[in-house]
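Enquirer: for reference, the sequence and a predicted model appear below.
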Amino acid sequence: MLHRGHEGTDGDGGDELTVPMAWLYAEYVADQLLRGGDLMPPTSFEFRAGRYALALTVFLSDTDGELCGAEVVSRLETWLSLTAYDQPWREWVRERLAETAAGGGPDGDLHLARAAWRWLQDTELLAPDLNAVPGGAPATGEDEGPKVWTPAWQLGLPLGHLAIHLF
C-alpha cells in the first residue's frame, strides 16, 4: 500500500519520498469510526486518544498490508476482540510494533505508529476514578466525583471499542 513519488520534478529520478499511506488510512478509519459514534468532541484529548488507539489496532492488525474500504466492515469483529476489556492490548501493540520493525515494515508508517504509541503511553488525562469506593465522595454534578490521572491509552481503548460497537 506504499505510494511513491519523486521529490524533484526534473525527471532525474532523485530520492524517493515514501508516503505513509497505511498509517494514514488506519488513522482515517479510526477517525471515521469515532466521529460516527459521536462520543467525544473531535478536538478533545480523549478523542485523540481513541483515534490513536483505534489507528494502532487497525494498522497493526493489517498483517498483509492490503486494507481497503471494502474490508473495513469485515474486520470490525477482529478489532472488537482486540480492543475488548479483558484482552492484553498493550502487550499486543508492543509485540506487533517490534514484529513490524523486525520485518522491515514501511519506515514512515512505523514512525507514525510509534509516535502515536509514545503519546498514548506518555500522556495522562484526568478521568473519573472508576475504582473509587461507591458513596465515598458526594457527586453534585456530572463532572464531580473522584478523578485520577490515567494513561491516555486506558481512556482511548474503551472509547475506540465503543465506537466500533456503535458503527
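Expert: Alright, I've got the coordinates. Numbers count the residues shown, from 1 in each chain.
Enquirer: tell me which helix or strand in this structure has the weakest average pLDDT.
Expert: The helix or strand of the chain with the poorest confidence is strand 3-6; it has a mean of 37 (mean pLDDT, DSSP states H and E).
Enquirer: quick check on Trp149: phi, psi?
Expert: phi -80, psi 130 (degrees, to the nearest 10).
Enquirer: any idea how many residues pack against it?
Expert: 10 (other C-beta atoms under 10 Å). For every residue, glycine as well, the C-beta is placed using N, CA and C.
Enquirer: pretty sure it is touching Pro128, no?
Expert: No. Using C-beta atoms under 8 Å, Trp149 makes no contact with Pro128, being 11.7 Å away.
Enquirer: tell me, how many residues neighbour Val19?
Expert: Val19 has 15 neighbours, counted by other C-beta under 10 Å.
Enquirer: does it touch Leu112 like I think?
Expert: No. Look at Val19 against Leu112 with C-beta under 8 Å: they stay out of range, at 11.0 Å.
Enquirer: ok, Arg114 to Ser74 distance?
Expert: 27 Å (C-beta to C-beta, to the nearest Å).
Enquirer: cool, Gly108 as well?
Expert: From Gly108 to Ser74 the distance is 26 Å (C-beta to C-beta).
Enquirer: between the two, point out the one with more neighbours.
Expert: Gly108 (17 against 8).
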